[in-house]
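K.L.:
Got a sequence here, can you model it:
(one chain, ligands or ions: 2)
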Amino acid sequence: MTALLQPRLTGKGIYAITDGPRDDLFAAVEAALAGGARLLQYRDKTTDTERRRAEADEISRICARYEVPFIVNDDVALARETGGGVHLGREDVPVAEARAALGPEAIVGVSCYGSIERARQLRAEGADYLAFGAMYPSSTKPHAPVTAHDVLTQAKALGLPVVAIGGITVDNAQVLIDAGADYLALVSAIFAAPDIQTATRRFADLFDSRPGLIR
Ligand SMILES: Cc1ncc(COP(=O)(O)OP(=O)(O)O)c(N)n1
Ligand SMILES: Cc1ncsc1CCOP(=O)(O)O
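P.N.:
Ligands and ions are numbered 1, 2, ... in the order given. You can find the predicted model right below:
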């Protein structure tokens, strides 16, 4: 296991999520972090174990330099090896199994799709954040059903950080923040942008741009 101290899950902002192999993966991650991303997830659905391990290890080090929590999608063993947290969906292991493998300090995030009941259950199981979506149709995950925005508002009452994901652009993001999203989870809007750092900064600025609004 890489002995890197994981920063805590605090605040609000951009949750940058990678989407499979690319030649400039490390530079892309670094650009998102330089643009102000506050959480980083390594998401690679391929089965190339060696490449995934090497990439996750390097990205965990980049995140540590920026003091940004590093999360691995799906793969608890890889999270353990690289000192990261993990994001779990309905096809993945239970929260308790991830917690037992990663320890009490690790971030364990969960997909709740559009279900407050699922969110309540996973909170009881020890999840650290609750992710909802797709909020809009997503070209990254085209079959993900779209969720109503008011689930974000309802989720606020559960007292954990609320993450919105799916089809988010700079033009449709503000309404999600206003509905209660603490984090906007973004794949294509930042990682397919010609200038990843600038794209991330534009989203990050949304969290600071309305000082008069009480959230
Ligand atoms: C922050 C965040 N939210 C949702 C997901 C989707 O997770 P899941 O439903 O397990 O689907 P895959 O990502 O595994 O295709 C996520 N990865 N991150
Ligand atoms: C992983 C995932 N889960 C629901 S939508 C989605 C993809 C989000 O990607 P994008 O930000 O490009 O729509």
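
K.L.:
who's in contact with the closest residue to Val162 other than its chain neighbours?
P.N.:
With sequence-adjacent residues excluded and distances taken as CB to CB, 6 or more residues apart in numbering, Val162 is closest to Ala155, at 4.7 Å. C-beta: built from backbone N, CA, C; applies to glycine. With contacts defined as CB atoms under 8 Å, 6 or more residues apart in numbering, Ala155 is in contact with Cys112, Ile116, Ala119, Leu130, Phe132, Val162, Gly180.

K.L.:
which ones among those are found in helices?
P.N.:
Ile116, Ala119 (DSSP state H).

K.L.:
Point out where the chain drops to low pLDDT.
P.N.:
Low-confidence segments of the chain (pLDDT under 70): 1-5, 210-215.

K.L.:
Would you convert the contacts of Ala155 into TSV that also reports distance to ligand 2 and neighbour count?
P.N.:
Below are the contacts of Ala155 laid out as TSV (distance: CB to the nearest ligand atom, whole Å; neighbours: other CB atoms under 10 Å):
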residue	distance to ligand 2	neighbour count
Cys112	11	28
Ile116	17	16
Ala119	15	25
Leu130	13	26
Phe132	9	30
Val162	15	25
Gly180	18	19
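
K.L.:
Phi first, then psi, for the residue nearest to Val162.
P.N.:
phi -70, psi -20 (degrees, to the nearest 10).

K.L.:
How about the residues of this structure by ligand 2?
P.N.:
133-134, 138, 140-141, 144, 165-168, 186-189 (CB under 6 Å from any ligand atom).

K.L.:
Now restrict those residues to buried residues only.
P.N.:
The neighbour count (16 or more other CB atoms under 10 Å) marks 133-134, 138, 140, 144, 165-168, 186-189 as buried among these.

K.L.:
which residues of this structure fall in helices?
P.N.:
Going by DSSP H, the chain shows helices at 25-34, 49-66, 76-82, 95-102, 116-124, 150-156, 174-179, 188-191, 196-206.
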